[in-house]
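**Q** sequence unknown, structure follows:
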């Protein structure tokens, strides 16, 4: 899986792997290494001017992989980046 944003490629075998790569490169992220949900919520809040908050379901009903995949697809849909699965 590849997510392209800001002129960079973020790769991972899973959507969580891609999200972790984004986390490592996220300037100002205050909780590195914590749960992926924490990062996705923080990241989504950073994009609130481009991605409506109602679009991301952070409920406990979704496992981390489904949540990360949904987040990357949402970012692709709102032209924040380009998500591809190889």
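**A** Happy to help now that I have it. In this text, all values refer to a predicted model and were calculated from it rather than measured experimentally.
**Q** pLDDT value on residue 33, please?
**A** Predicted confidence (pLDDT) for residue 33: 87.
**Q** my guess is residue 42 meets residue 32, correct?
**A** No - counting by Cβ atoms under 8 Å, residue 42 stays clear of residue 32, with 10.6 Å between them. In this view, the C-beta of every residue, glycine as well, is placed from N, C-alpha and C.
**Q** okay, those two: which has more neighbours?
**A** Summary of the neighbour comparison: residue 42 and residue 32, criterion other Cβ atoms under 10 Å, with residue 42 having more neighbours (16 against 11).
**Q** Helix, strand, or coil at the more buried one?
**A** Local secondary structure at residue 42 is given as helix here, using DSSP: H, G, I helix; E, B strand; the rest coil.
**Q** What count of nearby residues applies to the residue lying closest to it once chain neighbours are set aside?
**A** The shortest distance from residue 42 to any residue other than its chain neighbours is 6.1 Å, reached at residue 29 (Cβ to Cβ, 6 or more residues apart in numbering). As a burial measure, residue 29 scores 17 neighbours (other Cβ under 10 Å).
**Q** One more: residue 19?
**A** Other residues near residue 19 number 26, with proximity taken as other Cβ under 10 Å.
**Q** Also residue 23?
**A** The number of residues packed near residue 23 is 20, by other Cβ under 10 Å.
**Q** Disregarding residues adjacent in the polypeptide, which is nearest to it?
**A** Setting aside the residues directly before and after it, residue 23 is nearest to residue 39 in space (Cβ to Cβ, 6+ apart), at 4.6 Å.
**Q** who are the neighbours of the helix or strand where that neighbour lies, in terms of helices and strands?
**A** For residue 39, the element it lies in under DSSP states H and E is helix 36-46. With contacts defined as 3 or more Cβ pairs under 8 Å, 6 or more residues apart in numbering; DSSP states H and E, helix 36-46 has these neighbours: helix 15-25, helix 64-77.
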